[in-house]
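below is the structure, and that's it, no one-letter string:
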């Protein structure tokens, strides 16, 4: 509930940092004040195919908003103005026993090996360890994610096809990209579409500068690939529940290039026991996306997860009970 904070003089680093942009719900709504209501209406149209014809005046602007959802290809962008190295980034260590420095607001971009292209892309917020442990300085970083996440599906497809698994990590840019990266969207729906709608303009993606498109407006972009045969210890990390997630082996991300804007600012957040900044991001997303739950789980008519528990530990649901133990079946679906 405090103010957004700009750190202009970061120790041992030439880049300023900003934090707590989403530090309370009114500010989060203010950031997206011109688009949030219309994105909500697009969600309504997605859940009810007849909604437009029932209330055409309510949705008159929806086709115009939809034209801004598709990413725009370009040949260059501000993010490619300069180069830097991993050790020049702010070495943010949130808690005393963290295994090293971490990026806490990364936007990790990957594409599916079977269907390359932005339409089947995934933009997720996965933990990035910059230093510590056994990583080679400036050449390797840690990439923490679970196998069932979108990036895990892409990783498995790359291994199956015996193709390189390319990864781009964006930091900064429009707040819409941060919000899109944590959206729990279906596997076949690109987060870049929602970023365009939330940001009220098509997301510019630079093609040709790396194996994967690069977000043109990002402050930083780390390009490279994951070695399918190597794992290194990642962590410990002070997590959302107020205790440390332990050190485990996770994929190694081999850094090939680190580009940045001339006026780059490094955004970061504090991860820890609720309430932190992510609490308000979570509530904003739930309010926005709750109409989509029946599409994914038809028997669930309403669902709310509680940020006080880190969102993963306690949810309340209203479900249809049309036959014995249907509620139990829905509970297992939600847990999955």
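Looks like it arrived, so ask away. Everything numeric here is computed off the predicted structure, so don't read it as measured data. Numbers count the residues shown, from 1 in each chain.

buried ones in the helix or strand of the chain at the bottom of the mean pLDDT ranking?
Least confident helix or strand, the chain: helix 293-296 with a mean of 75, by mean pLDDT, DSSP states H and E. Neighbour counts over helix 293-296 (16 or more other CB atoms under 10 Å) mark 293, 294 as buried. Every C-beta, even on glycine, is put in place using the N, C-alpha and C of the backbone.

just stretch 255-264 next, same as before
255, 257, 258, 259, 260, 261, 264.

now the end-to-end length of it.
For stretch 255-264, the first and last residues are 19 Å from each other (CA to CA, to the nearest Å).

from here on, count from 129
With the count now opening at 129, the last piece we talked about shows up as stretch 383-392.

re the thing from before, the next helix or strand after the least confident helix or strand of the chain: how far from the chain's middle?
Once helix 421-424 ends, the next helix or strand along the chain (criterion: DSSP states H and E) is strand 428-433. On the basis of CA atoms, centre = their mean, to the nearest Å, strand 428-433 sits 22 Å off its chain's mean C-alpha point.

and strand 428-433, average pLDDT?
Strand 428-433 shows a mean pLDDT of 86.

so, low pLDDT: which residues of the protein?
In the predicted model of the chain, residues 276, 314-316 satisfy pLDDT under 70.

give the contact list for residue 296.
236, 237, 238, 338, 340, 341, 342, 343, 349, 350, 351 (CB atoms under 8 Å, 6 or more residues apart in numbering).

make JSON lines out of those and add neighbour count, secondary structure and distance to residue 434.
What follows is those, written out as JSON lines (neighbours: other CB atoms under 10 Å; DSSP: H, G, I helix; E, B strand; the rest coil; distance: CB to CB, whole Å):
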{"residue": "236", "neighbour count": "24", "secondary structure": "strand", "distance to residue 434": "26"}
{"residue": "237", "neighbour count": "29", "secondary structure": "strand", "distance to residue 434": "30"}
{"residue": "238", "neighbour count": "26", "secondary structure": "strand", "distance to residue 434": "30"}
{"residue": "338", "neighbour count": "17", "secondary structure": "coil", "distance to residue 434": "40"}
{"residue": "340", "neighbour count": "20", "secondary structure": "coil", "distance to residue 434": "36"}
{"residue": "341", "neighbour count": "23", "secondary structure": "coil", "distance to residue 434": "36"}
{"residue": "342", "neighbour count": "24", "secondary structure": "strand", "distance to residue 434": "37"}
{"residue": "343", "neighbour count": "28", "secondary structure": "strand", "distance to residue 434": "32"}
{"residue": "349", "neighbour count": "28", "secondary structure": "strand", "distance to residue 434": "35"}
{"residue": "350", "neighbour count": "26", "secondary structure": "strand", "distance to residue 434": "34"}
{"residue": "351", "neighbour count": "21", "secondary structure": "strand", "distance to residue 434": "38"}
